[in-house]
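Asker: Output the structure for:
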Amino acid sequence: MAKIAWIGLGNMGGPMTANLVGAGHEVVGYDLDEGAKAAAEAHGVRIAASTADAVADADAVFTSLPKGAHVRQVFEGDGGVWANAPKTALLMDCSTVDVETSRYCHEHSAELGFRFVDAPVSGGISGAAAGTLTFMLGGADADVAEARGYVEPMAGNIFAVGGPTMGIAAKLANNMMLFISLLAASEGSQLAASMGLDAKTFWDIARVSSGDSWAMRTWYPVPGIVDSSAANHDFDATFSTLLAQKDVSLALAAGDGAGLHLPAAHLALDQFEQLIEEGYGGKDCSLIVKYASADGTVAGFEPDPAPATAE
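Answerer: Modelled structure (predicted):
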């Protein structure tokens with residue numbers, strides 16, 4: 001079994017490391033958040049005092065962080081991954097970042113004598129907990145083959161996508177499609193309700209018909225229909241609006257660079273930004289359903305009397 005360093009023990013990294021521990025690996029983790037560290041430690045992760053401490057003598061290093069800027073910070077500097085991990089360690093980033101950050105990590109790792117694989121995931125918190133995530137691996141063939149062995153305890157599907165940055169490219173395109181599908185599920189749910197359809201009956205129909213999607217099956221924004229829906233819990237975040245806004249923005253930046261026209265993605269971004277402006281950036285991204293309702297109210301959501309405005 002391997003010694004695996006893991007930087008970023010949040011909503012995704014925490015359950016992912018628990019599956020690695022369950023597979024028999026020694027996992028040493030680090031996070032700035034005390035609650036995240038305590039939760040990971042309860043699942044068998046040894047908590048390090050710093051990134052440098054975590055990566056020392058590691059066979060593999062994973063990062064799972066909110067933004068590209070965080071990934072760069074963790075890799076760079078005297079206390080970072082590059083300065084402290086052994087050159088034999090395989091470096092893998094599971095974060096959703098911009099293509100430029102992923103390319104920088106590949107190129108600078110190679111310059112310093114490291115091997116790097118971009119290894120973003122899809123499947124959400126529920127998939128992380130169940131060990132059924134989809135991994136999209138980008139890098140040199142031999143490195144991707146080695147990475148496959150490390151990610152298997154966390155994965156339901158593993159795809160070798162191609163060379164450097166191809167994993168994150170697949171992730172950005174996939175997430176863009178996810179959020180467009182979420183718009184469809186949101187608007188469809190409200191149209192069905194307005195015409196008097198029973199919510200569960202309509203969901204059962206759409207589930208086996210042409211309206212089906214992962215967003216509808218997993219995030220359907222109506223309470224009491226799908227167990228994993230945030231609508232069952234006042235739209236507390238399973239995937240926050242802030243993260244959704246970030247991911248769509250990254251996809252649109254890539255699309256702009258290619259000269260593409262992506263109006264549906266722009267609509268999703270507009271609605272996420274509107275939620276953030278209203279102070280709901282920390283709520284689940286499926287709360288965009290309120291923009292499809294006739295009066296802005298939706299079942300399962302009790303707004304604060306005066307939500308904080310975004311800075």
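Asker: which residue packs closest to Asp33, ignoring adjacent ones?
Answerer: For Asp33, ignoring the flanking residues on the chain, the nearest one in space by C-beta to C-beta, 6 or more residues apart in numbering is Gly10 at 7.0 Å. Where C-beta positions appear, they are placed from N, C-alpha and C, glycine not excepted.
Asker: Just list the residues touching the one you found, thanks.
Answerer: 31, 33, 36, 64, 66 (C-beta atoms under 8 Å, 6 or more residues apart in numbering).
Asker: Give me the subset of the residues you listed that lies in helices.
Answerer: Those of those mapping onto helices are Ala36, per DSSP state H.
Asker: Buried among the contacts of Gly10? Make that a ChimeraX selection.
Answerer: Buried residues among the contacts of Gly10 (16 or more other C-beta atoms under 10 Å), as a ChimeraX selection:
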select :31,36,64,66
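Asker: ok, Glu76 - contacts?
Answerer: When contacts are counted by C-beta under 8 Å, 6+ apart, Glu76 touches Trp82.
Asker: how close does it sit to Lys246?
Answerer: Per C-beta to C-beta, to the nearest Å, Glu76 is found 21 Å from Lys246.
Asker: Which strand or helix spans the residue nearest to Asp33?
Answerer: Using DSSP states H and E, Gly10 is not contained in any helix or strand.
Asker: Over to Asp270?
Answerer: Using DSSP H and E, Asp270 falls in helix 263-277.
Asker: what packs against that helix?
Answerer: Packing contacts for helix 263-277, counted by 3 or more C-beta pairs under 8 Å, 6 or more residues apart in numbering; DSSP states H and E, involve helix 166-194, helix 241-257.
Asker: Can you tell me what sits against it?
Answerer: Residues outside helix 263-277 that contact it (C-beta under 8 Å, 6+ apart) are 176, 179-180, 182-183, 241-242, 244-245, 248-249, 251-252, 255, 281, 283, 285, 287-288, 291, 309-310.
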